[in-house]
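Enquirer: Pasted the sequence and its predicted model underneath.
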Amino acid sequence: MSTERTGGAPGWESRPYLRIATEEAYAPQEVLDEFVKILDSGDADAGFVSLMGYFLRSDHPQPRSVMTKIASLGESRLRDMDATGIDKQILALTAPGTQVLDVDTARWAAQLTNDRLAEAVAAHPDRYAALAAVGYEDSASAVAELDRAVNKLGLKGLILNSHIKGRYIDHPGFFPILEAAASLDVPVYLHPQTLPGAAIDPWREAGLDGAVWGFAAETGLHLLRIITSGLFDRLPNLRVVVGHLGEGVPYFMHRIDHMHAKQVASGRYAAIKPLQQRPSEYLKTHVWLTTSGMPWEPAISFARQVVGRDRVMYAMDYPYQFVGEEVDEMDALPYSVEEKREFFQGIAERVFRL
Ligand code: MN
């Protein structure tokens, strides 16, 4: 853990902690251009069209400005960080990331993104750290790229923008990638995506497919699949970070433990097997939560009760959720200064080995 502090947002020297925001989005313009090509192709996934069609095709100034901000690693981003008192961002390729690209384009996009992120970190080491992207469908190249990103470029984890064309990370084809993350000792950041295929229809029909609820439904499922598939038993060194305070899963843990045990006993599903721990216990041993999009004291305090106060850390979700007042509200959380130092800084420094 680094203790030398050489810079941050204005006023950092006199504050009791640095504010590290841990789920902050970036995309090279070239990758956004690939998303536009998919939109143009006419046969894109409905969730992709709903989400990226809004951000990349809307005439409304708000989504346009989000896409302008997301492609910047320079002055405009640093200005926004200064204005909101964010000392450091942990950057990662925005959803849906490489997930929606064909295999070759995904490999290219991951390398390009990782190179750009490494350049930005080198230019502003006090202000940025970054997670690696990989193209998940070619696991051999993904393992090689993750190794390059961590060992050569100094990136601090792996971004997983949830499902890969409807397949989840517990699919055996992806196992070597998780094995590599565990053996490199870097965390996997599980980030929301839109629901796959026709599963999104009831959400979209009601206008609830995006960040309002669909993301949590999809990503909560993904987190549970990681737990119930036994991945943490097979890879005890695997560490997963989840945003949005765990995508609703912590609130359901009592019921999940109870019903999981029943389903194990029933033998009803081949995929439901005995685990070394109760499902809820993995949240206290292998999972860390961030507050992205959830700057809400009752939920933060509850999450700290369920997973432990040493496992809940700050994230803003820039530029999608860029609300400066939220930082003041988080500064005012009813915890001791030492606990807030952990919340804003210490946990992130340990999890991502900053
Ligand atoms: Mn996000």
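Expert: On my side now, so go ahead. Numbers count the residues shown, from 1 in each chain.
Enquirer: wait, isn't L155 in contact with E119?
Expert: No. With contacts counted by Cβ atoms under 8 Å, L155 stays clear of E119, the gap being 11.7 Å. Heads up, the C-betas are built off the backbone N, CA and C, glycines and all.
Enquirer: Who has more neighbours out of those two?
Expert: Regarding L155 and E119, a neighbour count based on other Cβ atoms under 10 Å identifies L155 as having more, with 26 against 14.
Enquirer: just to confirm, which helix or strand has the more buried one in it?
Expert: According to DSSP states H and E, L155 maps onto no helix or strand at all.
Enquirer: Distance of it relative to the ion?
Expert: Between L155 and the ion the computed distance is 17 Å (Cβ to the ion, to the nearest Å).
Enquirer: now that residue: how far from V264?
Expert: 38 Å (Cβ to Cβ, to the nearest Å).
Enquirer: Neighbours of A120, how many?
Expert: Residues near A120, counting by other Cβ under 10 Å: 21.
Enquirer: Can you classify the closest residue to it other than its chain neighbours by secondary structure?
Expert: Nearest non-adjacent residue to A120, counting by Cβ to Cβ, 6 or more residues apart in numbering: L73, 3.9 Å away. Here L73 is coil, with the state taken from DSSP: H, G, I helix; E, B strand; the rest coil.
Enquirer: contacting residues for L73?
Expert: Residues near L73 by Cβ atoms under 8 Å, 6 or more residues apart in numbering: Y26, L91, R116, L117, E119, A120, Y128.
Enquirer: Show me where this protein has its strands.
Expert: With DSSP state E as the criterion, the chain has strands at 20-26, 88-93, 128-130, 158-160, 188-190, 240-242, 287-290, 312-313.
Enquirer: Compare these and give me the one nearest the ion.
Expert: With Cβ to the ion as the measure, strand 20-26 is the member of the strands of the chain nearest the ion (4.9 Å).
Enquirer: Please work out the angle formed by the directions of the closest one and strand 88-93.
Expert: If you take axes from the mean of the first three to the mean of the last three Cα atoms, to 10 degrees, strand 20-26 sits at 30 degrees to strand 88-93.
Enquirer: Isn't M253 up against P279?
Expert: Yes. With contact defined as Cβ under 8 Å, M253 and P279 form a contacting pair (6.9 Å).
Enquirer: circling back to that earlier point, got phi/psi on the residue nearest to A120?
Expert: phi -120, psi 10 (degrees, to the nearest 10).
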